[in-house]
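1. here's my sequence, what's the structure:
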Amino acid sequence: MKIRSAPIPVIPVLGVDLLIALVAAIAAFLFSQAIDLALSSESINQTLQAPSPWLVVLSCLAIPIFYIVVDMLNALVNRLKLPFAASRKRAQQIYARRIHLVLLALYFNAILVALCWSASAMPVMSKIYLAAVFAIAIYALGQSIPSTKLSFTLSGTLFVIVLLATQTFIITKTQAEAERAGQELRQQLEGNPDGAQ
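-> Sure thing, here's the model as predicted:
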């Protein structure tokens, strides 16, 4: 039996890891901006009702950074443990598991954003708890599918639905605030007609 002696490439593995981390970093930035925007105009207790920006960044980037470190250590110690050292099917399974975990973090943050926009006065621990429960439920639903392709399709579809729901909350609240601001402005102008001249 011939033993494989060709070197196992490291650059493609780290390239995929960095790509996943980049996507997670972009998502973390967008989610943190959405949370800041949702809570900046509210007269709320920032300590008790607003999640920390570091929570969003850490939850999005923890998993990608962990796997970057793991693959770097494996590249130095034992390259046979790298994803691309195995068969193509095995590599797909490894990255599917990693991407699903990243999606779990994105589910959590998308739901957290939706709660910040729809229930800004809710205590922050309640927001985090509800976001975690719903994110884990969606993640478990995707993992219940034995087929990798169907699991990815379902997970992607659920993620799009969560994003659309979040966007709906944002648009609805933005329109409501704009209408309220316009109504207050009209009332001020009606109450002080001389000030408009």
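2. other SSEs contacting the longest helix seen in the chain?
-> Once the chain is assigned using DSSP state H, the helix that runs over the most residues is helix 148-191. With contacts taken as 3 or more Cβ pairs under 8 Å, 6 or more residues apart in numbering; DSSP states H and E, helix 148-191 sits against helix 11-40, helix 88-118, helix 124-143. Glycine gets a C-beta too; all of them are placed from N, C-alpha and C.
3. just give me the residue right at the centre of the chain.
-> The centroid of the chain falls nearest to Leu106 when counting by Cα atoms, centre = their mean (2.3 Å).
4. give me every residue that touches the closest residue to it other than its chain neighbours.
-> Counting by Cβ to Cβ, 6 or more residues apart in numbering, the nearest residue to Leu106 once its immediate chain neighbours are dropped is Ala27, at 5.6 Å. Residues near Ala27 by Cβ atoms under 8 Å, 6 or more residues apart in numbering: Cys60, Leu106, Asn109.
5. ok, now with 10 Å
-> Val56, Cys60, Leu61, Val102, Ala105, Leu106, Asn109, Ala110 (Cβ atoms under 10 Å, 6 or more residues apart in numbering).
6. where's the dip in pLDDT among those residues?
-> Lowest pLDDT of the contacts of Ala27: Ala110, 86.
7. what's the spacing between the residue nearest to it when sequence neighbours are not counted and Ile35?
-> Nearest residue to Ala110 in three dimensions, chain neighbours excluded: Val162, at 4.7 Å (Cβ to Cβ, 6+ apart). Here the distance between Val162 and Ile35 works out to 15 Å (Cβ to Cβ, to the nearest Å).
8. same deal with Leu101?
-> From Leu101 to Ile35 the distance is 22 Å (Cβ to Cβ).
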